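# Build me a model:
(one chain, ligands or ions: 1)
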Amino acid sequence: MSARLAGKRVLLTGGVANIGLAILEAVIAEGAIVSMIDIDAAGGAEVEKRFQGKVRFIRADLSQEADITSAVKQAAEWMDGFDTLCLNAGVQISGRAESFATADWDKTFAVNVRANFIFVREALPHLRRAGKSSVVLMSSLAGKRGATGLLAYSSSKAAVIGMATTLAIELAGEGVRVNAVCPGWIDTPFNAPVIAFMGGREKQEEAIPRVIPLGRQGTPDEVAPLFVFLASDESSYITAQAINVDGGIYS
Ligand SMILES: NC(=O)c1ccc[n+]([C@@H]2O[C@H](COP(=O)([O-])OP(=O)(O)OC[C@H]3O[C@@H](n4cnc5c(N)ncnc54)[C@H](O)[C@@H]3O)[C@@H](O)[C@H]2O)c1
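A predicted model of the protein is given here:
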């Protein structure tokens, strides 16, 4: 059987560690090559070295439009265009509405929402040229249901779902599918701000059996296969969806 992503050229954001690295490993294992974009220069260089020839690291700060346009150009040059966007990078800043700083709101939306819009806009000529292409946007269960202390984050991830469904409808006639992935509680250091907000790791662990029907948090390796599926032609009739990977929380 041939690899599920043989010949695919993937532009991935936030692939240095955790969920993004699991996505990178999974798409490479299925035969893709990857231009990986992240702010972490040292981590990115290490990933490029580990996957020599299959990954090109491009350093960019996704809050900067010029960094994104340059990254798309470099990715297209290295891969001779591309057909898949996996836009995974994100930030989480926690805090209640009354004390939340406007600058933190702006940073959250710049990285979690605006960057994805700029990526898609700049990538469109390449996605159209590819004929059959897929955009997978990282949202969150927090974008579907509220979470105390995550006002900006939840709002930004809800915006990502709106972006995915709207783009999917706009681009359906052009061979471009667009979907969002909504993980629940995945055990990575990313959740440190909201865990602190909940009163610490112990309090979070107490809550897990009540909140998650499967009784445990997920792992990055349990999120990555959905990206592979949505990137692959196996999902050719799936677009405009926001699919949960959450151990049954949203039921
Ligand atoms: N961990 C969870 O429980 C969970 C749940 C739902 C959704 N998510 C989403 O999954 C994604 C990955 O989360 P993770 O847990 O692997 O966290 P992570 O912090 O390891 O991953 C985020 C990545 O984005 C990069 N990044 C952050 N700001 C950037 C910027 N300005 N420019 C370029 N790169 C930047 C980081 O360097 C990092 O590699 C995020 O979008 C997050 O919202 C995570």
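# Other residues contacting the helix or strand bottoming out on mean pLDDT in the chain?
Lowest on mean pLDDT, DSSP states H and E among the helices and strands of the chain sits helix 192-198, with a mean of 88. Applying Cβ atoms under 8 Å, 6 or more residues apart in numbering, the contact partners of helix 192-198 are 92-95, 147-150, 153, 201, 203-204, 207. Heads up, the C-betas are built off the backbone N, CA and C, glycines and all.
# Give me the buried subset of those.
92-95, 147, 149-150, 153, 204 (16 or more other Cβ atoms under 10 Å).
# The stretch 51-200 of the chain against the ligand: which residues are in contact?
Contact residues, the stretch 51-200 of the chain versus the ligand (Cβ under 6 Å from any ligand atom): 60-63, 88-91, 111, 138, 140, 183, 185-186, 188, 190-191.
# so of the buried ones among the contacts of helix 192-198, which ones are in helices?
Residues of the buried ones among the contacts of helix 192-198 located in helices (DSSP state H): 153, 204.
# Could you find the lowest-pLDDT member of the buried ones among the contacts of helix 192-198?
Ranked by pLDDT, the buried ones among the contacts of helix 192-198 bottom out at Ala147, which scores 87.
# What residue, apart from its backbone neighbours, is nearest that one spatially?
Ser154 (5.6 Å; Cβ to Cβ, 6 or more residues apart in numbering).
# Same question for Ile28.
The shortest distance from Ile28 to any non-neighbouring residue, by Cβ to Cβ, 6+ apart, is to Lys54 (5.3 Å).
# mind listing what the strand ranked longest in the chain pairs with, with the direction of each?
Using DSSP state E, we find that the single longest strand of the chain is strand 176-183. Strand 176-183 sits in its sheet next to strand 133-138 (parallel), strand 242-245 (parallel), going by DSSP bridges.
# Could you give the number of residues near Gly43?
By the criterion of other Cβ atoms under 10 Å, Gly43 has 17 neighbours.
# One more: Gln52?
Using other Cβ under 10 Å, Gln52 has 7 neighbouring residues.
# Output the helix or strand Glu48 falls within in CSV with nothing but the alpha carbons.
For Glu48, the host element (DSSP states H and E) is helix 41-50. Output in CSV follows, covering the C-alpha atoms of helix 41-50 (Å, rounded to 0.1, in the frame of the first residue of the first chain):
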residue,chain,number,x,y,z
ALA,A,41,14.7,29.2,15.9
ALA,A,42,16.7,26.7,17.9
GLY,A,43,13.9,24.2,18.1
GLY,A,44,13.2,24.6,14.4
ALA,A,45,16.8,24.0,13.4
GLU,A,46,16.8,20.8,15.5
VAL,A,47,13.7,19.5,13.7
GLU,A,48,15.2,20.3,10.3
LYS,A,49,18.4,18.4,11.2
ARG,A,50,16.4,15.4,12.5
